[in-house]
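Asks: any chance you can model this:
(chains A and B)
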Amino acid sequence: MGKLAAGVTRLFAISILAITLLLVIQLWLHSYEARQKFGLGFLTSTLWNPVTDEFGALPFLYGTVITSFLALLIAVPLGVGAAIFLAELTGPKLSETLTFLVELLAAVPSVIFGLLAIFTLVPFMRNYVQPGLQRVTGGIAIFSGHPYGVGYLTAGVILAVMTFPFIISVSREALLAVPREQREAALAVGATQWEATWDAVIPFARLGIIGSIFLALARALGETMAVTMVIGNNPSIRASLFAPGYTIASVIANEFTEATGDVYLAALVELGLVLFALTIIINGLAQLLIRVTTKR
Amino acid sequence: MTRRAIVNKLMFALCGLAAFLTVSTLFLILAYLVYNGGTSISLDFFTKLPGPSGHPGGMANAILGSAEIIFFAAVIGLPIGFFSGIYLAESADPWLPAIVRYTADLLNGVPSIVIGIVVWTVMVVPLHHFSALAGGVALSLMLIPITARSTERFLLQVPRELREGALALGADKWRTTATVIVPAARRGIVTGMILGIARISGETAPLLFTSLNNEYWSAGFKEPTASLPVMIYTHAVSPYADWHRQAWAAGLVLLGLVLVGNITARMVLTQGAKRS
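Replies: Numbers count the residues shown, from 1 in each chain, chains lettered A, B, ... in the order given. As a prediction, this is how the structure comes out:
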């Protein structure tokens, strides 16, 4: 009886390994034509031409990396700052309530962020933020060109809003896991509350905070719907953050059901494979870091 | 004030500002969605089929379609996740639990669009049809790791004394799990399941190439099926103002469902905590 129960639950657990293996195998097999035709050049080519069956991933890789980077640039200070406030500087009751609200924010579906972004963030960026940035900076390269509203910067902003809940809740956990003595010792030798936090608590929780940032990065890289609705759908590489671009996830979302021809479809699957590999590596690191800190 | 005291105050204020900004985002989103959705929603939304611009109708088929897809996802995903979670919490195997746990976390982080591609290759291509079932399978693959990890977490929170009591009475390990540990953790387990369902019910990307979409009632579970998230997407990116209003209404309904799920889950858990 015990043996049977152990065996059955083990079988279910192994199915999780089987599913993950299935993802790898299917992505590998169904990207065959593209891997065969373009080889490693797929990753460095900027061509994306369904008519001549020539495909390269670079514009999408660039868009994915640049939007995620912008997202972190905004989300990390906001998220870590909020986590410090919730874990160190406020009472448990307010902290619990605010954390619950942040977790609700994490539950808002991606497509709803996209819906809101199309009708609020895009016009706001076009009419105020982008012209404002151009005036202040004098229109340097990264803020040059016509302010369309859609593009890398807008996608980065919406990704920041979608990722800071992860940074907040995981960083807060990491900070709360720091032993009391660590704080009290610093306060006892005359540190201010901020100095105790910055010099005694944060170094202790460092790996967990970095883990939360990696987790947010992996989310941002793979985020599809909200980005697809504001990125502008333009497969090229531009220096300006105002320019419309494209990401790996959005090109798959937009073109997969319309792809005609085996090579076209295989190229899209290969993009999926690249995205899969990228997020697995970053998530793998994030999980390791989070495990190390919460174990202590 | 000394410089140190000023820095202390300043950083305190900045962190407070960050917390305020992040939390207020939720209220901004809610207010804007309630305002736009509330003025767009009507009885027609729940009873009529979508129509062309000029006669936008409703999204009754998408509501039913979403329910159908989520039902398939739950039927497949919850049991697999539940039993995997029991394994993770209870098994005495040497190294397999750690590997499964790590893999489950990785699977949970796989972009949902990638799950969509893979389910397209294993369901849609061989069956030659986009279908509600394929959509359900795609969402179940996201539900499994979530359920497994939350089930494990709540099983591990059951106090040692309960387990030891059962073992002392002569029950074997698995009988203890089935009759003592799982019932003791049931509120937590149910909470995790509700949160999982709420999470997948808003997913759009995995449905794009699995259940696709449908302007009409679906002809069956092996046929293309409309869903609320996909409808929001197609209507929001359309050029028609009256379709945009439909998207707002659908957004309000979807977010309402997701938030009710989250808040219910929270209440189930805190009430359980009070009683015990």
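
Asks: with adjacent residues omitted, what lies nearest to B:W248?
Replies: B:N36 (4.1 Å; C-beta to C-beta, 6 or more residues apart in numbering or on different chains). From N, CA and C alone the C-beta is placed, and that goes for glycine too.

Asks: the one you found: neighbour count?
Replies: The local packing of B:N36 (other C-beta atoms under 10 Å in any protein chain shown) involves 21 other residues.

Asks: got the contact list for stretch A:128-138?
Replies: With contacts defined as C-beta atoms under 8 Å, 6 or more residues apart in numbering or on different chains, stretch A:128-138 is touched by A:143-144, A:147, A:149, A:153, A:242.

Asks: could you give the separation of it from the chain centroid?
Replies: Relative to the chain's own centre, stretch A:128-138 is displaced by 26 Å; criterion: C-alpha atoms, centre = their mean, to the nearest Å.

Asks: that older thread, please tell me how far the helix or strand hosting the residue nearest to B:W248 is from the chain's geometric centre.
Replies: B:N36 belongs to helix B:3-40 when assigned by DSSP states H and E. A distance of 25 Å separates the centroid of the chain from that of helix B:3-40, by C-alpha atoms, centre = their mean.

Asks: in TSV, list the contacts of stretch A:128-138 along with neighbour count and distance to chain B.
Replies: Below are those laid out as TSV (neighbours: other C-beta atoms under 10 Å in any protein chain shown; distance: C-beta to the nearest C-beta, whole Å):
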residue	neighbour count	distance to chain B
A:F143	21	23
A:S144	17	27
A:P147	21	20
A:G149	22	14
A:L153	24	18
A:F242	26	20
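
Asks: determine which two of the residues you listed are furthest apart.
Replies: Farthest pair in the contacts of stretch A:128-138 (C-beta to C-beta) is A:S144 and A:G149. Separation: 15.4 Å.

Asks: which residue is the nearest non-sequential neighbour of the residue nearest the centre of chain A?
Replies: Nearest to the geometric centre of chain A sits A:A220, at 1.5 Å (C-alpha atoms, centre = their mean). Closest residue to A:A220 apart from its sequence neighbours, by C-beta to C-beta, 6+ apart: A:S68 at 4.0 Å.

Asks: got the end-to-end distance for stretch B:162-182?
Replies: This stretch, stretch B:162-182, spans 11 Å end to end (C-alpha to C-alpha, to the nearest Å).

Asks: can you list contacts of that stretch?
Replies: A:1-2, A:5-6, B:86, B:89-90, B:92, B:155, B:158, B:184, B:189.

Asks: which parts of the stretch 151-296 of chain A sit against chain B?
Replies: Neighbours of chain B within the stretch 151-296 of chain A, by C-beta under 8 Å from any C-beta of the partner chain: A:161, A:164-165, A:168, A:192-195, A:198, A:215, A:218-219, A:221-225, A:229, A:249, A:252-253, A:256-257, A:268-269, A:272, A:275-276, A:279-280, A:283-284, A:286-287.

Asks: please redo it, this time with the cut-off set to 7 Å
Replies: Residues of the stretch 151-296 of chain A that fall close to chain B, judged by C-beta under 7 Å from any C-beta of the partner chain: A:161, A:164, A:168, A:192-195, A:218, A:222, A:224-225, A:229, A:249, A:252-253, A:256-257, A:269, A:272, A:275-276, A:279-280, A:283-284, A:287.

Asks: list only buried entries from these.
Replies: Among these, the ones that count as buried by 16 or more other C-beta atoms under 10 Å in any protein chain shown are A:161, A:164, A:168, A:192-195, A:218, A:222, A:224-225, A:229, A:249, A:252-253, A:256, A:269, A:272, A:275-276, A:279-280, A:283-284, A:287.

Asks: of those residues, which belong to strands?
Replies: Among those, DSSP state E puts none in strands.

Asks: TSV for the contacts of stretch A:128-138, including pLDDT?
Replies: As requested, the contacts of stretch A:128-138 are exported to TSV (pLDDT from 0 to 100):
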residue	pLDDT
A:F143	92
A:S144	89
A:P147	91
A:G149	93
A:L153	96
A:F242	93
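
Asks: can you tell me which of those residues end up in helices?
Replies: Those of the contacts of stretch A:128-138 mapping onto helices are A:L153, per DSSP state H.

Asks: distance of whatever residue of the stretch 151-276 of chain B ends up closest to chain A from A:I252?
Replies: Proximity to chain A, evaluated over the stretch 151-276 of chain B using C-beta to the nearest C-beta, is greatest for B:G202 at 2.5 Å. Distance from B:G202 to A:I252, counting by C-beta to C-beta, to the nearest Å: 19 Å.

Asks: repeat for B:G85
Replies: Separation of B:G85 from A:I252 (C-beta to C-beta): 31 Å.

Asks: likewise B:V260?
Replies: For B:V260, the distance to A:I252 - C-beta to C-beta - is 31 Å.

Asks: and what of B:G109?
Replies: 17 Å.

Asks: same check, this time on A:H146
Replies: Going from A:H146 to A:I252 by C-beta to C-beta gives 27 Å.

Asks: run through the residues that contact A:G156.
Replies: Applying C-beta atoms under 7 Å, 6 or more residues apart in numbering or on different chains, we find A:G156 in contact with A:67, A:70-71, A:74.

Asks: and it, what element?
Replies: In this structure, A:G156 sits in helix A:152-176 according to DSSP H and E.

Asks: next structured bit after that helix?
Replies: Next along from helix A:152-176, by DSSP H and E: helix A:180-188.

Asks: can you pull the buried residues of that next one?
Replies: Residues of helix A:180-188 classed as buried: A:183, A:186 (neighbour count, 16+ other C-beta under 10 Å).

Asks: what do you get for stretch B:217-227?
Replies: Neighbour counts using 16+ other C-beta under 10 Å place B:218, B:221, B:223-227 of stretch B:217-227 among the buried residues.

Asks: closest to A:L29 out of those?
Replies: Distances from A:L29 to the buried residues of stretch B:217-227, taken by C-beta to C-beta, are shortest for B:P224, at 24.9 Å.

Asks: distance of that closest one relative to B:A247?
Replies: 20 Å.

Asks: is it true that A:E270 touches A:S31?
Replies: Yes. Using C-beta atoms under 7 Å, A:E270 makes contact with A:S31 at a distance of 3.7 Å.

Asks: intersection of neighbour lists for the two?
Replies: When contacts are counted by C-beta under 7 Å, 6+ apart, A:E270 and A:S31 have no shared neighbour.

Asks: excluding chain neighbours, what is closest to the residue in the stretch 151-296 of chain A that chain B sits nearest to?
Replies: In the stretch 151-296 of chain A, the residue that lies nearest chain B is A:G222 (2.6 Å; C-beta to the nearest C-beta). In space, and not counting its chain neighbours, A:G222 is closest to B:P111: 2.6 Å by C-beta to C-beta, 6+ apart.

Asks: PyMOL command for the buried members of the contacts of A:G156?
Replies: Those of the contacts of A:G156 that count as buried under 16+ other C-beta under 10 Å are selected in PyMOL with:
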select buried, chain A and resi 67+70+71+74
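
Asks: what's the neighbour count on A:P92?
Replies: Every residue meeting other C-beta under 10 Å relative to A:P92 is counted, giving 10.

Asks: just read off the phi/psi values of it.
Replies: Backbone torsions for A:P92, taken as degrees, to the nearest 10, come to phi -60, psi -30.

Asks: now A:E223
Replies: Reported as degrees, to the nearest 10, the phi and psi values for A:E223 are phi -60, psi 130.

Asks: check which helix or strand covers the residue nearest to the spatial centre of chain B.
Replies: The centroid of chain B falls nearest to B:R199 when counting by C-alpha atoms, centre = their mean (1.6 Å). If you go by DSSP H and E, B:R199 is part of helix B:186-201.
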